[in-house]
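Peer 1: Got a predicted model here, sequence first, then my questions.
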Amino acid sequence: MLQYYSDLTSDFNANNKIQLDVGMWQNVTVHVSGSVSGTVDITGTNDAGAVAGVSDGSAVSAASFTAIQATNLATGSAVTSISAAGNYKITVGTRFIKVGGASAATTGNVIVFFTTPQ
């Protein structure tokens, strides 16, 4: 299994979101600790925001995000937003994901764990 993790707490709290290219991964688990505030939606898109002849697009320019499902690993419940600390597993079905929204923040950490079978 290929795996990678990244502590994105600073990005999440500074920008009220994390926006990632996850096209090469099968699963992404978002670990959130501490108190969660604001709207923390889980969304995805395949629209890279490309501009013909200028840019192929990227996670930064990605647009047209819509709700995608994650599984709260503690309860097994399907969710499209995060309202409390926990681990939320996303089975990747879009090239880009965004976790966050208006005034999203946490007093703890946001650590993202990426996996894919070899």
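Peer 2: Great, that's in hand. Residues are numbered from 1 along each chain as shown.

Peer 1: Tell me where this protein has strands.
Peer 2: Secondary structure of the chain (DSSP state E): strands at 2-7, 17-21, 27-32, 36-37, 41-45, 66-67, 70-72, 78-79, 86-91, 96-100, 105-106, 110-116.

Peer 1: Deepest-packed of these, please.
Peer 2: Most buried of those by mean neighbour count (mean count of other C-beta atoms under 10 Å) is strand 96-100; its value is a mean of 24. Yep, even glycine has a C-beta here, placed from its N, CA and C like the rest.

Peer 1: State the distance from D7 to G38.
Peer 2: Distance, D7 to G38, by C-beta to C-beta, to the nearest Å: 19 Å.

Peer 1: pLDDT weak spots in the protein?
Peer 2: Applying pLDDT under 70 to the chain flags no residue at all.

Peer 1: okay, which residue of it is out on the far edge from center?
Peer 2: For the chain, the residue at maximal distance from the C-alpha centroid (C-alpha atoms, centre = their mean) is G53, at 28.6 Å.

Peer 1: residues touching T107, list them.
Peer 2: By C-beta atoms under 8 Å, 6 or more residues apart in numbering, the contact list for T107 reads 34-35.

Peer 1: Ok, which of the strands of the chain comes nearest A59?
Peer 2: strand 17-21 (4.2 Å; C-beta to C-beta).

Peer 1: could I get the strands of the chain as JSON lines with distance to A59?
Peer 2: What follows is the strands of the chain, written out as JSON lines (distance: least, C-beta to C-beta, whole Å):
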{"stretch": "strand 2-7", "distance to A59": "13"}
{"stretch": "strand 17-21", "distance to A59": "4"}
{"stretch": "strand 27-32", "distance to A59": "13"}
{"stretch": "strand 36-37", "distance to A59": "22"}
{"stretch": "strand 41-45", "distance to A59": "10"}
{"stretch": "strand 66-67", "distance to A59": "16"}
{"stretch": "strand 70-72", "distance to A59": "18"}
{"stretch": "strand 78-79", "distance to A59": "22"}
{"stretch": "strand 86-91", "distance to A59": "15"}
{"stretch": "strand 96-100", "distance to A59": "5"}
{"stretch": "strand 105-106", "distance to A59": "20"}
{"stretch": "strand 110-116", "distance to A59": "12"}
